[in-house]
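**Q** mind folding the following:
(one chain, ligands or ions: 1)
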Amino acid sequence: MPLVVSPSPQFGNVCDVQIEAGPPTTVRFTADPCGGPEALWFCFTLTWREPPAGAEVELILTNPNNLLGGGGPAATWRPVWRVEHGAWQRLPAATERALPDGRRELSWRLNWDGPTAEVAFCYPYGRDDVAGLIADLGAPWRADTIGVSQGGRPLTRLSNGPGAPEGARPGIYCMARQHAGETSGSWALDGFLRVIAAAGDAGPLVWCVPLANIDSIEQGEYGKDPYPYDLNRAWGSPPYRHETLAIGDDVRRFLRRCRPTLILDWHAPGACETDGVYTFVFPTADNTPDQAAPWRERVAAALADYASPNYHRVADYPSRWTTPSFTRWASQSLGLPAMSIEVPYGMIGGQVLTPDVYREIGRRFAEGVLAGLA
Ligand SMILES: [Zn+2]
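**A** Okay, the predicted model is just below:
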């Protein structure tokens, strides 16, 4: 076959690949669940051995309804691709094909001269992007290793200062990528931190773990509900994963070095959700009112038309584990205002999302938070 498909060197994920000679050359594929119940993330490389004239490829995603939130309209499926190592860009809206037995397939046409192109579910965001972010933020921002993942990879925490014992500076602890494939949450966090950095000493102390499930990120796993234990359900006592142990310790260290004000956890929803950014509300242990409510309101106002009409949601969807999420743990065990934020992957309303738009969402979010600290 003149075309070869392989998992990408970084964040690679693809399975059940079937290639048929064309024209166009067709490539059927789906996302590899990597041993867990849920799948969504894919990232793979197409290499022409001998590009035929026209070099057209029809990329066909099989069984999209098996991927988390993948049952939505074809127009809401907007993966990204790049030629060689150029800039990632969105694919056009998918074309849907109904099969006689009721299954569906989604397809996109690609045309490039070769030799390689890459396709991913959404814009990747990994260690290199975090390094670029830290360089852009400049002093006093720094990266420290607070421990390791279950797979022995360093867990990096960014901060704009060490705080001080019993310090009075308002503090925000944040995290992204407990679910490894949720890269849109990372891009929004990136924009958030840029605004916080611009506020300088007048802004809050911020400690941030940008790539919490680093093993799944680097292994190309979706990392949502993986076995044996979802990181964002591992916040029981004692901790159920080594990352929870290490990050939990860091949060306790943080609490003693500032006036802890807000906990933020950045995520992405199902594949096809397009109605905007939203947050999950967690009841406190004694059912007192949601402590994060004033923050939610400020942020919703700042997000304006990027906020979902259904912005306040109760996290009452069924879970595979009964142990707490990070924000539930922070809210119920530490008594802190905590927000879990969901940033859609592909579109909000009719607008197709890019890293610049995700960062704008993060910028607006930060402006809402800074207004609350003023
Ligand atoms: Zn998530």
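**Q** surely residue 129 meets residue 190?
**A** Yes: at 7.2 Å, residue 129 counts as touching residue 190 under the criterion of C-beta atoms under 8 Å. To be clear about C-beta, it is placed using only N, CA and C from the backbone, and glycine gets the same treatment.
**Q** got a list of what the residue of the stretch 1-150 of the chain found nearest the ion touches?
**A** Here the stretch 1-150 of the chain gets closest to the ion at one residue, residue 68, 9.7 Å apart by C-beta to the ion. By C-beta atoms under 8 Å, 6 or more residues apart in numbering, the residues touching residue 68 are 38, 39, 40, 222, 224, 270, 271.
**Q** neighbours of residue 195, just the number please.
**A** Close neighbours of residue 195, defined as other C-beta atoms under 10 Å, add up to 18.
**Q** what is the neighbour count of the residue found closest to it once you drop the neighbours it is linked to in the chain?
**A** Closest residue in space to residue 195, ignoring its immediate chain neighbours: residue 366 at 3.5 Å, by C-beta to C-beta, 6 or more residues apart in numbering. When neighbours are defined as other C-beta under 10 Å, residue 366 has 27 of them.
**Q** residues touching residue 366, list them.
**A** 191, 192, 193, 194, 195, 196.
**Q** got a winner among those residues for most neighbours?
**A** Neighbour tally across the contacts of residue 366 (other C-beta under 10 Å): the maximum, 27 neighbours, falls on residue 192.
**Q** that one: which element?
**A** Per DSSP states H and E, residue 192 falls inside helix 183-198.
**Q** now for that helix, which elements pack on it?
**A** Judged by 3 or more C-beta pairs under 8 Å, 6 or more residues apart in numbering; DSSP states H and E, helix 183-198 is in contact with helix 127-137, strand 170-176, strand 205-209, strand 259-267, strand 338-342, helix 355-373.
**Q** and of those, who's closest to the ion?
**A** Nearest to the ion among the helices and strands packed on helix 183-198 is strand 259-267 (3.3 Å), distances taken as C-beta to the ion.
**Q** farthest from the middle of this protein: give me that residue.
**A** Taking C-alpha atoms, centre = their mean, the residue of the chain most remote from its mean C-alpha position is residue 53, at 38.3 Å.
**Q** look at residue 60 and give its secondary structure.
**A** Three-state assignment for residue 60 (DSSP: H, G, I helix; E, B strand; the rest coil): strand.
**Q** run a quick neighbour tally on it.
**A** Residue 60 has 19 neighbouring residues, counting by other C-beta under 10 Å.
**Q** quick one on the thing from earlier: closest one of the contacts of residue 366 to the ion?
**A** Proximity of the contacts of residue 366 to the ion (C-beta to the ion) peaks at residue 192, which lies at 16.5 Å.
**Q** wait, the closest one touches residue 363, no?
**A** Yes: using C-beta under 8 Å, residue 192 is in contact with residue 363, at 7.1 Å.
**Q** excluding chain neighbours, what is closest to residue 364?
**A** Per C-beta to C-beta, 6+ apart, closest to residue 364 is residue 302, 4.5 Å.
**Q** what's near enough to touch residue 264?
**A** Residues near residue 264 by C-beta under 8 Å, 6+ apart: 172, 173, 174, 175, 192, 338, 339, 341.
**Q** is it possible to export the helices and strands packed on helix 183-198 to JSON lines including distance to the ion and mean pLDDT?
**A** Putting these into JSON lines (distance: least, C-beta to the ion, whole Å; pLDDT from 0 to 100) gives the following:
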{"stretch": "helix 127-137", "distance to the ion": "18", "mean pLDDT": "98"}
{"stretch": "strand 170-176", "distance to the ion": "9", "mean pLDDT": "98"}
{"stretch": "strand 205-209", "distance to the ion": "14", "mean pLDDT": "98"}
{"stretch": "strand 259-267", "distance to the ion": "3", "mean pLDDT": "97"}
{"stretch": "strand 338-342", "distance to the ion": "7", "mean pLDDT": "96"}
{"stretch": "helix 355-373", "distance to the ion": "15", "mean pLDDT": "98"}
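**Q** make JSON lines out of those and add distance to residue 249.
**A** Formatted as JSON lines, the helices and strands packed on helix 183-198 follow (distance: least, C-beta to C-beta, whole Å):
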{"stretch": "helix 127-137", "distance to residue 249": "21"}
{"stretch": "strand 170-176", "distance to residue 249": "12"}
{"stretch": "strand 205-209", "distance to residue 249": "12"}
{"stretch": "strand 259-267", "distance to residue 249": "15"}
{"stretch": "strand 338-342", "distance to residue 249": "18"}
{"stretch": "helix 355-373", "distance to residue 249": "25"}
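**Q** need phi/psi at the residue sitting nearest the centre point of the chain.
**A** Geometric centre of the chain, nearest residue: residue 182, 2.3 Å, by C-alpha atoms, centre = their mean. With angles defined as degrees, to the nearest 10, residue 182 sits at phi -90, psi 70.
**Q** only C-alpha atoms, please: export whatever helix or strand residue 6 lives in in PDB.
**A** Assigned by DSSP H and E, residue 6 falls within strand 3-7. This file holds the C-alpha atoms of strand 3-7, laid out as PDB (Å, rounded to 0.1, in the frame of the first residue of the first chain):
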ATOM      1  CA  LEU A   3       0.100   5.000   2.300                       C
ATOM      2  CA  VAL A   4       1.100   4.100   5.800                       C
ATOM      3  CA  VAL A   5      -0.800   5.100   9.000                       C
ATOM      4  CA  SER A   6       0.900   5.000  12.400                       C
ATOM      5  CA  PRO A   7       0.300   6.500  15.900                       C
END
